[in-house]
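Asks: Give me coordinates for this.
(2 chains)
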Amino acid sequence: DDKLLTEPLSHPDFFSVKELFTLKDLFNARVHLGHKKGCRHRFMEPYIFGCRLDQDIIDLEQTVQHLQLALNFTAHVAYRGGIILFVSRRRQFCHLVESTARACGEYAHTRYWQGGLLTNAPVLFGPGVRLPDLLVFLSTLNNVFEPHVAIRDAAKMNIPTVGVVDTNCNPCLITYPVPGNDDSPAAMELYCKLFRMTIIRAKDKRRQSEAIEELR
Amino acid sequence: TLRLICTTAAVQRKNVGASGPEKYTEAFIKKQIEEFNLGKRHLANMMGEDPETFTQEDIDRAIAYLFPSGLFDKQARPIMKHPTEVFPEQRKIQWGEDGRPFHFLFYTGKQSYYSLMHETYEKLLNVQKHQDQLIAQDLPLQKEKRNLAGSRWLTKIELEEMLLEKVSDDDYSRFIKLLQKLVSLPCADIEEKYIQKFSKEVPVQLQKVVIEPLQHDERGVAFSTGEGKRKTARATAVVYDNGTGKITVNGIDILHYFPVVQDREQLLFPFQFLGRIGKHDMVCTVSGGGRSAQAGAIRLASAKALRSFVTEKEVEFMRQAGLLTVDPRVKERKKPGQEGPRRKFTWKKR
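Replies: As a prediction, this is how the structure comes out:
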């Protein structure tokens, strides 16, 4: 059992996450497009490649590195049977995110976030609830263009976060930020596809390793 | 051993309300079902009937016989029902042994409501896709109009019962708006089955009152009967056609039976309303009540009898004028501690 858990940690890319996407795929899905110069957040400046006709362009080479780290981390969490919660407050992609979560066998929350969901969970749900082990933000802002409350709550409860940060978002409290576009449907579909494939791959690998261990 | 010294009563008192509504475990419900079945057989033996074929109606009758109760509220009387009807359905624990919740929307708080919204939105997207396909193939969109008048959506309470969790007013209105949007699309016929789960039939005309046809007596004159009541008075009236306006009550002419003008006015009001004062004869019998109550009872009876002589529009006019409604006012009972139904005893300052 110990071997099952320690073996993936010795490899840098145990789940071969790098093969899932290329820079060209990101470009075709318009992940590099950011908001206008006026919307730019100060802390996103290191991730921005440049500005063309007042519109920010995100540096895709950095995005590739960050996305690989994020997908690798989600794969490890899924391998260890962790609870992954997809969060997004964009009404257009609410259905897509919920279907992705259902397809993976993980959980989603794309609705109004009640105050003490993470911080006051035993009172809301009942004693003995298990909190999510990873929060995946497919859009860090809520409907009023302010940072989502869940980022702060996850930081309070020591829950690691993976988030797609656009040029108007604050990447501070997110453990694995992924600079990229969160407004186009093509970009969102690409992210959902990538997360879904990593999680399914990780779970399949886990089942295979357990079967091999039992045979011994 | 430690001994509690000098503590306040507040520490010892447990806050019972904070634990929330009691959850019934499966073992508890099973025990209740076993006890109910045993009790049913005992009851059947007591009543001298066959324990195997003892239905719920027999149980109700037996309980009403063994424990007679004069309480007005039917729900306050002793009842013996199957435990599934007595104990409301509740949520069991939502997660498995390893702690992972069963439902994918568990962390939202309102999982059944949001999953319902998710499904309905999926149906909407399906319908839109189908519509796009039909347009691409240049086929005509089906436009069979759903009968909107005969159906209504589920109420908030019915939805709460269906989902087993509380639904707020905003959530309910949002769900209904989504359903209405789904129904308004032209190709919504595909999801007819899904929509029918949330719509209920409304009986179109509540208690359509049947107007009896005219009967003819030996001389060939058309007549019709009507019954009426007011307070404790009960009256039956027979209204004949081709008459002169004579009205007889219990064999006595109205001028002698009702000396007061007000009562005679009450009798004549239905005829005056329809403009048929001199055209009908009436013979009525009345018993019970006082002078005014008998007059009101005969008025109702004659109005009911006149419905057969008159068109449907005029019946509607009569109904709106209040000629066809039974007056529900009865004498209110006297309460203890008071002199009458409302009058209190005289208040003395000292």
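Asks: Now the residue of chain A found nearest chain B: closest residue in space, sequence neighbours ignored.
Replies: Going by CB to the nearest CB, chain B is nearest to residue A:130 of chain A, at 3.2 Å. C-betas here are computed from N, CA, C, even on glycine. Of all residues not flanking residue A:130 in the chain, residue B:99 sits nearest, at 3.2 Å (CB to CB, 6 or more residues apart in numbering or on different chains).
Asks: wait, the residue of chain A closest to chain B sits on residue A:83?
Replies: Yes. Using CB atoms under 8 Å, residue A:130 is in contact with residue A:83, at 6.4 Å.
Asks: what is in contact with those two at once?
Replies: Residues touching both residue A:130 and residue A:83 (CB atoms under 8 Å, 6 or more residues apart in numbering or on different chains): B:99, B:100, B:101.
Asks: of the residues you listed, buried ones?
Replies: residue B:101 (16 or more other CB atoms under 10 Å in any protein chain shown).
Asks: Just give me the closest of the shared contacts of residue A:130 and residue A:83 to residue B:116.
Replies: Lowest distance from residue B:116 to these (CB to CB) belongs to residue B:101, with 17.4 Å.
Asks: in the sheet, who's paired with the closest one?
Replies: On the basis of DSSP bridges, residue B:101 is bridged to residue B:95.
Asks: and it, what does it touch?
Replies: Residue B:101 makes contact with A:83, A:107, A:130, B:94, B:95, B:107 under the criterion CB under 8 Å, 6+ apart.
Asks: let's see it at 7 Å
Replies: A:107, B:94, B:95 (CB atoms under 7 Å, 6 or more residues apart in numbering or on different chains).
Asks: And those, which is closest to residue B:283?
Replies: Closest to residue B:283 out of those is residue B:94 (73.6 Å), distances taken as CB to CB.
Asks: residues contacting the closest one?
Replies: Listed by CB under 7 Å, 6+ apart, the contact set of residue B:94 reads B:101, B:102, B:103, B:106.
Asks: In PyMOL, select just the buried ones from those.
Replies: Buried subset of the contacts of residue B:94, written as a PyMOL selection, criterion 16+ other CB under 10 Å:
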select buried, chain B and resi 101+106
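Asks: Determine which two of the contacts of residue B:94 are furthest apart.
Replies: B:102 and B:106 (7.2 Å).
Asks: before we move on, back to that, export the contacts of residue B:94 as CSV, with columns for pLDDT.
Replies: Shown next, in CSV, are the contacts of residue B:94 (pLDDT from 0 to 100):
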residue, pLDDT
B:101, 91
B:102, 90
B:103, 91
B:106, 93
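Asks: any idea which of the contacts of residue B:94 is the one closest to residue B:313?
Replies: Once CB to CB is applied, the member of those that ends up nearest residue B:313 is residue B:103, at 57.5 Å.
Asks: That closest one: which element?
Replies: Counting by DSSP states H and E, no helix or strand carries residue B:103.
Asks: Also residue A:155?
Replies: Secondary structure assigned from DSSP H and E places residue A:155 in helix A:149-156.
Asks: Now do that helix: everything it contacts.
Replies: For helix A:149-156, the external contacting residues (CB under 7 Å, 6+ apart) are A:87, A:113, A:118, A:119, A:135, A:140, A:161, A:173, A:174.
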